[in-house]
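Colleague: Quick one, what's the 3D model for this:
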Amino acid sequence: MAGLYFEEFSVGQTVKTASRTVSEDAIFNFAGLTGDYNQIHTDAEFARTSPFGQRVAHGLLGLSIATGLIMRTGLLEGTVLAFREIQEWKFVKPIFIGDTIHAVLTVNETKALPRIGGGALIANVEVRNQSDEVLQKGALNLLMLSKPK
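Modeller: Reported below is the predicted structural model:
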């Protein structure tokens, strides 16, 4: 499926992504990739004594999974030029091993940028778990291609 062009997005448009369960393997792979082996993520005995009572996923792992789920919708396939900015991202609640998360993207603003052949799309994003609780939220500023003439 080809992605949507800048002109095909409208303010208020909302998309819910597919879901993904966050596994222990995903957390350890992310720790290996980033070098962040903080005990709250990797040491079950240590994490039991934390305010969370168990290991939690890295906050940036949740954001990374959310961007991947957004890409899987096909909305941006071949039409996104760049992820320009992450705005006001908040880590509201922890993501635990076994949580199944999805993202809800809502177009908040569009701004034509003819000099780049497209425009900026600002979308509010919420990362939610299987109980529909908001775990993370913020906005993505994306540069999108215009429809070919």
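Colleague: Only C-alpha atoms from now on, for both contacts and neighbour counts.
Modeller: OK.
Colleague: so where's this protein uncertain?
Modeller: The model of the chain has pLDDT under 70 over residues 1.
Colleague: the strands in it, which residues?
Modeller: 14-16, 20-21, 80-91, 100-113, 118-128, 134-145 (DSSP state E).
Colleague: Just name whatever secondary elements the shortest one is in contact with.
Modeller: Pointing back at strand 20-21 there. Counting by 3 or more C-alpha pairs under 8 Å, 6 or more residues apart in numbering; DSSP states H and E, the packing neighbours recorded for strand 20-21 are strand 100-113.
Colleague: and if you look at the longest one?
Modeller: Under the contact criterion of 3+ C-alpha pairs under 8 Å, 6+ apart, strand 100-113 touches strand 14-16, strand 20-21, helix 59-72, strand 118-128.
Colleague: Could you rerun that using 7 Å?
Modeller: With contacts defined as 3 or more C-alpha pairs under 7 Å, 6 or more residues apart in numbering; DSSP states H and E, the packing partners of strand 100-113 are strand 14-16, strand 20-21, strand 118-128.
Colleague: Output those strands as JSON lines; include the columns mean neighbour count and distance to Gln54.
Modeller: Shown next, in JSON lines, are the helices and strands packed on strand 100-113 (neighbours: other C-alpha atoms under 10 Å; distance: least, C-alpha to C-alpha, whole Å):
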{"stretch": "strand 14-16", "mean neighbour count": "16", "distance to Gln54": "28"}
{"stretch": "strand 20-21", "mean neighbour count": "16", "distance to Gln54": "17"}
{"stretch": "strand 118-128", "mean neighbour count": "24", "distance to Gln54": "19"}
